[in-house]
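Student: Got a predicted structure plus its sequence, pasted below:
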Amino acid sequence: MKIKTVLIPAAGLGTRFLPYTMCVPKEMLPLGNKPAIHYIAEEVVNSGVENMCLIINKDKQLLADYFKPHQELEALLQSRGKISALSPIIELRSKLSISTCEQREPLGLGHAVLMAEKYFGADEFIGIMLPDDIIDGEEAGLKQLIEQARKLNASVIAVQEVPLSAISAYGSIIIKQVINEDLVEISGVIEKPAADKAPSNLAIIGRYVFCPKLFTALHNIKKSASGEYQLTDAMDFMIDHMGERVFAYTIKGKRYDTGTPTGWVDAVNGFALKK
Ligand code: G1P
């Protein structure tokens, strides 16, 4: 089992960062001298995956532009002996093929993923990384999931423990059986439950490896009460109606949620301390 392509759903409106996000995608917020999306692309490469597909809307073309060669600037820096300033991005480009796919309507994460169905063969596993979540650890976040998915030949999603008081911001998993201290099989997921309704304090972190049946499940789910197609509903569908097993693995590494202003400040500080 080889993951050839990772999807990066990045078509969100960035409402928590308005008015900043009127012109600039939140994935372009800087962490040190690189935008958040750069760290996501590095994780793709460090996970051994060669293709990254950005799912964007028509106003977020800047995300794709960041990865394109800038010939004039490169020639100028070369002539001034300063081309090393661009080494991180030039190196990334040489290791990664980047495509884009448009989500025309803001109909949720499940809908965004479905927009990229055409990029996957019928037997191909699917990697997904939510760009708000930046994982800083010894081993790339997605790589940890790929290793588990390979062993199990099944879908594996990332989780981390959070205080119950915070679970309403996440998908909360329902544990079916404990496999070992880092791995459980799940019987379902509750998306953003109230603390007193949460089945566990194991929160879904934005890294997923799915079996090819994900797309069939996404075609079969209905809109949630919020009017969006949820990825978590597709997971439930695979388990309940398609006989699929889904596992949750506690990924190692410090996770920053750059999707909120305070989470982004934490990430800025965390990355500054590393330098
Ligand atoms: C999404 C998912 C949720 C997950 C979270 C992780 O929610 O729907 O299940 O726990 O990402 O960051 P969002 O934060 O996009 O609302």
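Tutor: Alright, I've got the coordinates.

Student: so what's the closest residue to Ile190 other than its chain neighbours up against?
Tutor: Counting by Cβ to Cβ, 6 or more residues apart in numbering, the nearest residue to Ile190 once its immediate chain neighbours are dropped is Ser172, at 5.0 Å. For glycine as for every other residue, the C-beta is placed from the backbone atoms N, C-alpha and C. Ser172 makes contact with 189-190, 193, 198-204, according to Cβ atoms under 8 Å, 6 or more residues apart in numbering.

Student: Relative to the ligand, which residue of the stretch 101-250 of the chain is the closest?
Tutor: Nearest residue of the stretch 101-250 of the chain to the ligand, counting by Cβ to the nearest ligand atom: Gly171, 2.8 Å away.

Student: Any idea what that residue is bridged to?
Tutor: Glu191 (DSSP bridges).

Student: Just the pLDDT for it.
Tutor: Note for Gly171: predicted pLDDT of 95.

Student: residues contacting it?
Tutor: 189-192, 203-204, 232.

Student: Whichever of those residues end up buried, select them in PyMOL.
Tutor: Buried residues among these (16 or more other Cβ atoms under 10 Å), as a PyMOL selection:
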select buried, resi 189+190+191+203+204+232
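
Student: which among the contacts of Gly171 are in contact with the ligand?
Tutor: 191, 203-204, 232 (Cβ under 6 Å from any ligand atom).

Student: Tell me which of those fall in helices.
Tutor: When the ones next to the ligand among the contacts of Gly171 are checked against helices (DSSP state H), the matches are Thr232.

Student: follow-up on the earlier one: which of the contacts of Ser172 sit farthest apart?
Tutor: Spanning the widest gap among those are Val189 and Asn201, at 13.5 Å by Cβ to Cβ.

Student: what ranges do the helices span in the stretch 1-150 of the chain?
Tutor: 36-46, 62-65, 71-79, 87-95, 109-114, 141-152 (DSSP state H, counting those that start in this stretch).

Student: near the ligand, which residues of the stretch 101-250 of the chain?
Tutor: So the stretch 101-250 of the chain meets the ligand at 109, 130, 132-133, 170-171, 191, 203-206, 232 (Cβ under 6 Å from any ligand atom).

Student: Many thanks, have a good one.
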